[in-house]
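>>> Please find the sequence and the predicted model below.
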There are 2 protein chains.
Amino acid sequence: MDFIPPTLEKITEAHSRIQDYIHRTPILTSKSINEITGAEIYFKCENFQKIGAFKIRGATNAVFQLEDNITAVATHSSGNHAQAVAYAGKLRGLKAYIVMPENAPKVKVKAVKGYGAEVIFCEPNQKAREEALNKVVERTGAAFIHPYDNEQVICGQATASKELLEDTPRLDIVMTPVGGGGLLSGTSLTVNYLSKGTKVIAGEPAGADDAYRSFNSDQIFPSVNPKTIADGLLTSLGQRNYSVIKEYVDSIICVDDQEIIAAMQLIWERMKIVIEPSSAVPLAALIKNKAEFTNKKVGIILSGGNVDLGKLPF
Amino acid sequence: MDFIPPTLEKITEAHSRIQDYIHRTPILTSKSINEITGAEIYFKCENFQKIGAFKIRGATNAVFQLEDNITAVATHSSGNHAQAVAYAGKLRGLKAYIVMPENAPKVKVKAVKGYGAEVIFCEPNQKAREEALNKVVERTGAAFIHPYDNEQVICGQATASKELLEDTPRLDIVMTPVGGGGLLSGTSLTVNYLSKGTKVIAGEPAGADDAYRSFNSDQIFPSVNPKTIADGLLTSLGQRNYSVIKEYVDSIICVDDQEIIAAMQLIWERMKIVIEPSSAVPLAALIKNKAEFTNKKVGIILSGGNVDLGKLPF
């Protein structure tokens, strides 16, 4: 692995580059969830972010660093990165082409089209996505913005935990979900640079546990036929992301869909906020391994809020 | 009608009395909802309030003014006032007895019991509620805290719009839902005292339109067999509330359940917050009479967020 992780300076530059286009999202606490879990939790609410998810951070950072001769951008995504590239492209006046799996939540497809992007549907697996994407890039000359295996995207996603650390007391642990690893790798870098000694722990759906298996091995196991309600976490871990995660993350905890749904319901009922299933994965992991978090100050990044209200699991 | 409306001084006193026990809830805006409606809307988020609804304001104000020899409190409520009295009673160390209709949302019943209150179920109509309540008061000597037809409760509910006016630019219109009229009467007084010229407009479910009919007449029409998804607005308008509303409210707009559900979905999807159907009624009214609100600065009180996730209308 010869990927050199981005420096703190690059993350700070990314933050300056994107901050006029994103929200500095609020950090919420819940007395009753603290009582239930025995931890002191600070929720960084990226569900309130532009396009409803943290993905706008990485996409905006990447799109705004493209050369001036680029006229279009393209990507494949199960949803939030799709919206992010569509929105960031629009901000910079570029045409956006988005490859989406045909089972992507309707609300996400609608939003992508709402930003003026062209949607190309494909079968819901990694191979089909990449093939469709390659065809689009060949046809249009669009610049491909990878959802996570991209240094600029990692730097952008790293800014969420930068804000979290700046806006809370010193944290013992920072948690994120892990799918492709963009948010987790960026988070682990930020925490390493700004808050040494703070652990980074990820939650992952048991039905899409490629990051868990890869992390506890010496190679990347691709995600094959993943099945989980956390539709944002179906993708395979990226190369760059893997090398960072392997170095800077402390552990990954797997949770099943029932645990994810229970944590999601807890957040909806007690905090009165809408989060998507992927966002609930870290809290589910915390609840599963409760003892490890007792009396700890824990920052959790709630990754997004784009849920299909017609298909809720309650 | 010889009810003398509470003065601004009483409302200000209520605010001082309760402010250590309640949240000063945030005011949120939504660019996309502003674009859709053509209005500039400021949402006062009482769904984030203690017990998940504005009702804690009135209940706390009333409970903390009881004589020291009182040992218990009682009320009847379809839900949020029940939790409010249970919680306020607990704060003051008083036993609470709560009469609830047997069709009250499970989440509300659970919460009331969670505050240590005793729940007495009755048939879902005004007569059954009052009979059950009278029995409890006779048996226990508890002080009855009326959900809305009570001066202290009106003063407490009036504090939500006091904060709204203090925390926003000058508003052209303030909107609330109307059920028993506690929030609407309190709001109309505050607006009259603090922001003369600002209109007060209520939204009411067409299936429980007793306030609309009473407002446009010279007498109170009781709510008979009301049917609406807005379970917080099934009650009949109170005497004190009616006399204030008749004098200080500008208009009441009725909306059907489909309009309420559409407005609720808009808020969930665009703002990523959980509100109960009653909270969506003012926005539904605004959307229905859109022209009246174009380019206006409108404050909307989102009354609560206690919704049964197992019974969503989407």
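Done, it's in. Not measured: the values here are computed from a predicted model. Numbering: from 1, shown residues only, chains lettered A, B, ... in the order given.
>>> ok now the helix or strand of chain A with the lowest mean pLDDT, how far from the chain's centre?
Across the helices and strands of chain A, the lowest-confidence element by mean pLDDT, DSSP states H and E is helix A:106-114, at a mean of 86. Computed by CA atoms, centre = their mean, to the nearest Å, the separation of helix A:106-114 from the middle of its chain amounts to 18 Å.
>>> Heading C-terminal from it, find the next helix or strand.
strand A:118-122 (DSSP states H and E).
>>> re the thing from before, what does the least confident helix or strand of chain A contact?
A:51-52, A:78-80, A:82-83, A:86, A:98, A:100, A:119, A:306-310, B:269 (CB atoms under 8 Å, 6 or more residues apart in numbering or on different chains). Using the backbone N, CA and C atoms, a C-beta is placed for each residue, glycine as well.
>>> Tell me which of those fall in helices.
A:80, A:82-83, A:86, B:269 (DSSP state H).
>>> could you dump those residues to JSON lines with distance to residue A:113, neighbour count and pLDDT?
Formatted as JSON lines, the ones in helices among the contacts of helix A:106-114 follow (distance: CB to CB, whole Å; neighbours: other CB atoms under 10 Å in any protein chain shown; pLDDT from 0 to 100):
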{"residue": "A:80", "distance to residue A:113": "15", "neighbour count": "31", "pLDDT": "90"}
{"residue": "A:82", "distance to residue A:113": "10", "neighbour count": "29", "pLDDT": "92"}
{"residue": "A:83", "distance to residue A:113": "10", "neighbour count": "31", "pLDDT": "93"}
{"residue": "A:86", "distance to residue A:113": "8", "neighbour count": "29", "pLDDT": "96"}
{"residue": "B:269", "distance to residue A:113": "15", "neighbour count": "21", "pLDDT": "94"}
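>>> Now do stretch A:249-267: distance from first to last residue.
Using CA to CA, to the nearest Å, one end of stretch A:249-267 lies 25 Å from the other.
>>> and that stretch, how far out from the chain's middle?
Worked out by CA atoms, centre = their mean, stretch A:249-267 lies 15 Å from the chain centre.
>>> ok, now stretch A:3-14?
18 Å.
>>> picking up where we left off before, restrict the least confident helix or strand of chain A to CA atoms and write it as PDB.
In PDB, the C-alpha atoms belonging to helix A:106-114 read as follows (Å, rounded to 0.1, in the frame of the first residue of the first chain):
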ATOM      1  CA  LYS A 106     -36.900   6.800  -4.300                       C
ATOM      2  CA  VAL A 107     -36.400   9.900  -2.300                       C
ATOM      3  CA  LYS A 108     -32.700   9.800  -3.200                       C
ATOM      4  CA  VAL A 109     -33.300   9.300  -6.900                       C
ATOM      5  CA  LYS A 110     -35.800  12.200  -6.800                       C
ATOM      6  CA  ALA A 111     -33.400  14.500  -5.100                       C
ATOM      7  CA  VAL A 112     -30.600  13.700  -7.600                       C
ATOM      8  CA  LYS A 113     -32.900  14.500 -10.500                       C
ATOM      9  CA  GLY A 114     -34.000  17.600  -8.700                       C
END
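>>> burial count for whichever residue of the stretch 151-300 of chain A sits closest to chain B?
Closest to chain B within the stretch 151-300 of chain A is residue A:272: 3.7 Å, counting by CB to the nearest CB. By the criterion of other CB atoms under 10 Å in any protein chain shown, residue A:272 has 25 neighbours.
>>> I'd guessed it sits against residue B:50; true?
No. If you go by CB atoms under 8 Å, residue A:272 and residue B:50 don't touch, sitting 11.6 Å apart.
>>> For the most centrally placed residue in chain A, what is the enclosing helix or strand?
Centroid check for chain A by CA atoms, centre = their mean gives residue A:183 as the closest residue, at 4.6 Å. Residue A:183 is part of helix A:182-194, with elements assigned from DSSP H and E.
>>> Give me the distance from that helix to the chain's centre.
12 Å.
>>> what's the answer for stretch A:197-217, then?
That offset, for stretch A:197-217, works out to 14 Å (CA atoms, centre = their mean).
>>> can you check stretch A:241-250 too?
On CA atoms, centre = their mean, the centre of stretch A:241-250 falls 15 Å from that of its chain.
>>> and it, what's its mean pLDDT?
Stretch A:241-250 comes out with an average pLDDT of 98.
>>> For residue A:278, which three-state class applies?
Classification of residue A:278 by DSSP: H, G, I helix; E, B strand; the rest coil places it in helix.
>>> so it sits right up against residue A:179, yeah?
Yes. The pair residue A:278 / residue A:179 is scored as a contact, 7.0 Å apart, by CB under 8 Å.
>>> now the helices for chain A?
Using DSSP H, helices in chain A cover A:8-18, A:31-37, A:55-63, A:80-91, A:106-114, A:126-140, A:151-166, A:182-194, A:210-215, A:239-248, A:257-271, A:277-288.
>>> Sketch out the low-pLDDT regions of chain A for me.
For chain A, applying pLDDT under 70 flags the ranges A:1.
>>> Contact residues of it facing chain B?
Applying CB under 8 Å from any CB of the partner chain, we find that chain A lies next to chain B at A:47-48, A:52, A:107, A:265, A:268-269, A:272-275, A:305, A:309-310, A:312, A:314.
>>> Are any of those buried, and if so which?
Buried subset of those (neighbour count, 16 or more other CB atoms under 10 Å in any protein chain shown): A:47-48, A:52, A:107, A:265, A:268-269, A:272-275, A:305, A:309, A:312.
>>> Just the closest residue of the stretch 1-150 of chain A to chain B, please.
Closest point on the stretch 1-150 of chain A to chain B, by CB to the nearest CB, is residue A:47, at 4.7 Å.
>>> Now the closest residue to that residue other than its chain neighbours: phi and psi?
Of all residues not flanking residue A:47 in the chain, residue A:305 sits nearest, at 3.0 Å (CB to CB, 6 or more residues apart in numbering or on different chains). When read as degrees, to the nearest 10, the backbone of residue A:305 gives phi -130, psi 20.
>>> got the contact list for residue A:305?
Here residue A:305 is in contact with A:47-48, A:52-53, A:273-276, A:279, B:272 (criterion: CB under 8 Å, 6+ apart).
>>> From residue B:30, how far off is it?
13 Å (CB to CB, to the nearest Å).
>>> again with residue A:64
25 Å.
>>> With residue A:102 instead?
Residue A:102 is 30 Å from residue B:30, where distance means CB to CB.
>>> Would you map out the domains in chain A?
Taking automatic domain parsing as the reference, chain A has its domains at A:8-53+A:150-311, A:56-144.
>>> Would you mind putting these into a markdown table with distance to residue B:20 alongside?
Listed next are the domains of chain A as a markdown table, based on distance: least, CB to CB, whole Å:
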| stretch | distance to residue B:20 |
| --- | --- |
| domain A:8-53+A:150-311 | 15 |
| domain A:56-144 | 38 |
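>>> Residue B:136: which of those is closest?
The closest of the domains of chain A to residue B:136 is domain A:8-53+A:150-311. By CB to CB, the value is 27.8 Å.
>>> Ends of the closest one, what's the gap?
40 Å.
>>> And stretch A:231-239, by the same measure?
21 Å.
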